[in-house]
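>>> Okay, sequence plus prediction incoming.
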Amino acid sequence: MKNDTLPPSLVRKNEAVELRDGEVKESEFIEEDLIWRSGGINFSEDDISTIALKLERRYGVTIEIIDPGTITERLSASYPRDGIENVLDGICYVMGLQYKITGEDHVILKKKKMPMRM
């Protein structure tokens with residue numbers, strides 16, 4: 001019979017554990033990771049897919065990324081209790097993106113087109 005329980009893990013001050021791929025991994029405790037408890041959202045070197053997933057969970061929206069392979073930047077930022085438009089404005093400014101909200105719960109993200117230099 002297979003045992004699906006994980007072994008206990010001792011967590012010390014300034015440490016955290018994550019469950020990743022069925023294994024418990026030690027990691028550094030980051031205070032900003034708890035910002036969600038007060039209604040905020042935190043990104044820590046997150047790629048566009050992770051950013052979209054966090055936005056979907058936090059704001060109850062669907063994020064559609066147009067041509068995600070062109071978006072290689074990562075983002076580290078915290079937004080305490082901001083509405084989705086303020087968060088999207090900040091993300092897009094830093095990452096060179098643009099967004100469009102369609103309907104009540106659908107957001108489209110894509111890379112900004114850069115003007116050609118002469």
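Happy to help now that I have it.
>>> Three-state assignment for Asp82, please.
Using DSSP: H, G, I helix; E, B strand; the rest coil, the three-state assignment for Asp82 comes out as coil.
>>> correct me, but it touches Gly40?
Yes. The pair Asp82 / Gly40 is scored as a contact, 7.2 Å apart, by C-beta atoms under 8 Å. From N, CA and C alone the C-beta is placed, and that goes for glycine too.
>>> which intervals of the chain have sub-threshold pLDDT?
1-14, 16-20, 27-38, 114-118 (pLDDT under 70).
>>> rerun at 80
1-40, 113-118 (pLDDT under 80).
>>> For it, which segments count as helices?
Ranges of helices in the chain, per DSSP state H, are 48-59, 84-95.
>>> May I see the buried residues of the first one?
Of the residues in helix 48-59, those buried by neighbour count under the rule 16 or more other C-beta atoms under 10 Å are Ile48, Ile51, Ala52, Lys54, Leu55, Arg58, Tyr59.
>>> hmm, who's touching it?
36, 41, 43, 46, 61-63, 65, 68, 71, 73, 75, 84, 87-88, 91, 95, 107, 109 (C-beta atoms under 8 Å, 6 or more residues apart in numbering).
>>> And the contacts of stretch 99-106?
Gly60, Val61, Thr62, Glu64, Ile84, Glu85, Leu88, Cys92, Val107, Ile108, Leu109, Lys110.
>>> Any of these buried? List them.
Val61, Ile84, Leu88, Cys92, Val107, Leu109, Lys110.
>>> My guess is the last one contacts Pro68. True?
If I follow you right, that is Lys110. No. Assessed by C-beta under 8 Å, Lys110 is found out of contact with Pro68, at 9.1 Å.
>>> on that earlier part again, same list (the helices of the chain) but as JSON lines, adding distance to Glu23.
Below are the helices of the chain laid out as JSON lines (distance: least, C-beta to C-beta, whole Å):
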{"stretch": "helix 48-59", "distance to Glu23": "19"}
{"stretch": "helix 84-95", "distance to Glu23": "31"}
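>>> and Ile41, what does it touch?
Ile35, Lys54, Leu55, Arg58, Ser78, Tyr79, Asp82, Val87.
>>> next one: Lys111
Lys111 makes contact with Ile66, Asp67, Thr70, Ile71, Gly96, Leu97, Gln98 under the criterion C-beta under 8 Å, 6+ apart.
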